[in-house]
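In: Next input, structure requested:
(2 chains)
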Amino acid sequence: GNSVTQMEGPVTLSEEAFLTINCTYTATGYPSLFWYVQYPGEGLQLLLKATKADDKGSNKGFEATYRKETTSFHLEKGSVQVSDSAVYFCALIQTGNQFYFGTGTSLTVIP
Amino acid sequence: DTAVSQTPKYLVTQMGNDKSIKCEQNLGHDTMYWYKQDSKKFLKIMFSYNNKELIINETVPNRFSPKSPDKAHLNLHINSLELGDSAVYFCASSQDIAGSYNEQFFGPGTRLTVL
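Out: Next comes the predicted model:
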């Protein structure tokens, strides 16, 4: 079956630190992969996506590369800001329109 | 313009009551969803409707009943509310394009508290 595994949080970083949030997936075919972000008190917003192997999604300084060989889609940012504090969800979609979300990773960035 | 809207934003009610949460999307999407997010931020899909027809119905109590009067609306009715129903409920929508996997657009959420 399909599933997504994210690193457990919470993650606390100082401003300008490097961020990695690990995400691995299990899927029977060739899914599309997504990172969503949920800011406090809000709904989820799409952060970036990649639809095929070796694609790199990027947005707002965040990047993730679709690695088929390691079934991973790790989220990275070179220099985090306080405003990046949020919960990040890795997700995949394969057949139909059903998303499979990871458990979410809470990030807090301190000044 | 709000793409996916939900009402109410907050709902506080007593155990045993019946309540509804409304969702509307103005994106012209074919598919709408309801998710439940618990206190640990875990997100679980509950229902999915495509063009007013139920296509995903995960294992949720039958006290939860979705209603889709038209393609732009998917309401969630909950009977006999229990303490464990306290959560944030998110509505979402996506466009159903053949051969393509499409992002879901989420509403702002409804925080339900059952006392």
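In: element containing residue A:53?
Out: Following DSSP states H and E, there is no helix or strand that holds residue A:53.
In: Can you report how many residues lie near it?
Out: Neighbourhood size, residue A:53 [other C-beta atoms under 10 Å in any protein chain shown]: 12. C-betas here are computed from N, CA, C, even on glycine.
In: Run through the residues that contact the nearest residue to it once chain neighbours are set aside.
Out: Residue nearest to residue A:53 in three dimensions, not counting chain neighbours: residue A:68, with 3.8 Å by C-beta to C-beta, 6 or more residues apart in numbering or on different chains. Residue A:68 sits next to A:30, A:53-54 when contact means C-beta atoms under 8 Å, 6 or more residues apart in numbering or on different chains.
In: could I get these as a markdown table with pLDDT?
Out: Converted to a markdown table, the contacts of residue A:68 look like this (pLDDT from 0 to 100):
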| residue | pLDDT |
| --- | --- |
| A:30 | 82 |
| A:53 | 92 |
| A:54 | 94 |
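In: Any chance of a markdown table for those, columns distance to residue B:88?
Out: Formatted as a markdown table, the contacts of residue A:68 follow (distance: C-beta to C-beta, whole Å):
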| residue | distance to residue B:88 |
| --- | --- |
| A:30 | 32 |
| A:53 | 34 |
| A:54 | 36 |
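In: of all those residues, which comes closest to chain B?
Out: Nearest to chain B out of the contacts of residue A:68 is residue A:30 (C-beta to the nearest C-beta; 9.7 Å).
In: Touching, the closest one and residue A:53? I think so.
Out: Yes - between residue A:30 and residue A:53 a contact is recorded at 7.5 Å, counting by C-beta atoms under 8 Å.
In: and residue 3, what does it touch?
Out: Defaulting to chain A. Going by C-beta under 8 Å, 6+ apart, residue A:3 touches A:25-26, A:100.
In: that's the wrong chain, I wanted chain B
Out: For residue B:3, the contacting residues are B:25-27, B:93, B:105, by C-beta under 8 Å, 6+ apart.
In: Got the phi and psi for residue A:84?
Out: Backbone torsions of residue A:84, given as degrees, to the nearest 10, read phi -80, psi -10.
In: Is residue A:80 in a helix, a strand, or coil?
Out: Per DSSP: H, G, I helix; E, B strand; the rest coil, the local secondary structure of residue A:80 is coil.
In: how close does it sit to chain B?
Out: According to C-beta to the nearest C-beta, to the nearest Å, residue A:80 stands 19 Å off from chain B.
In: The worst-scoring helix or strand of chain A on mean pLDDT and chain B in contact?
Out: Every helix and strand of chain A was ranked by mean pLDDT, DSSP states H and E. The lowest is strand A:99-101, at a mean of 87. Yes - Strand A:99-101 reaches chain B (C-beta under 8 Å from any C-beta of the partner chain) through A:99, A:101.
In: Parallel or antiparallel, which strands does that strand pair with?
Out: When pairing is defined by DSSP bridges, strand A:99-101 lines up against strand A:86-93 (antiparallel).
In: Spell out which residues of chain B are next to chain A.
Out: Within chain B, the positions near chain A by C-beta under 8 Å from any C-beta are B:4, B:31, B:40-43, B:45, B:48, B:50, B:55-56, B:90, B:92, B:94, B:96, B:101-109.
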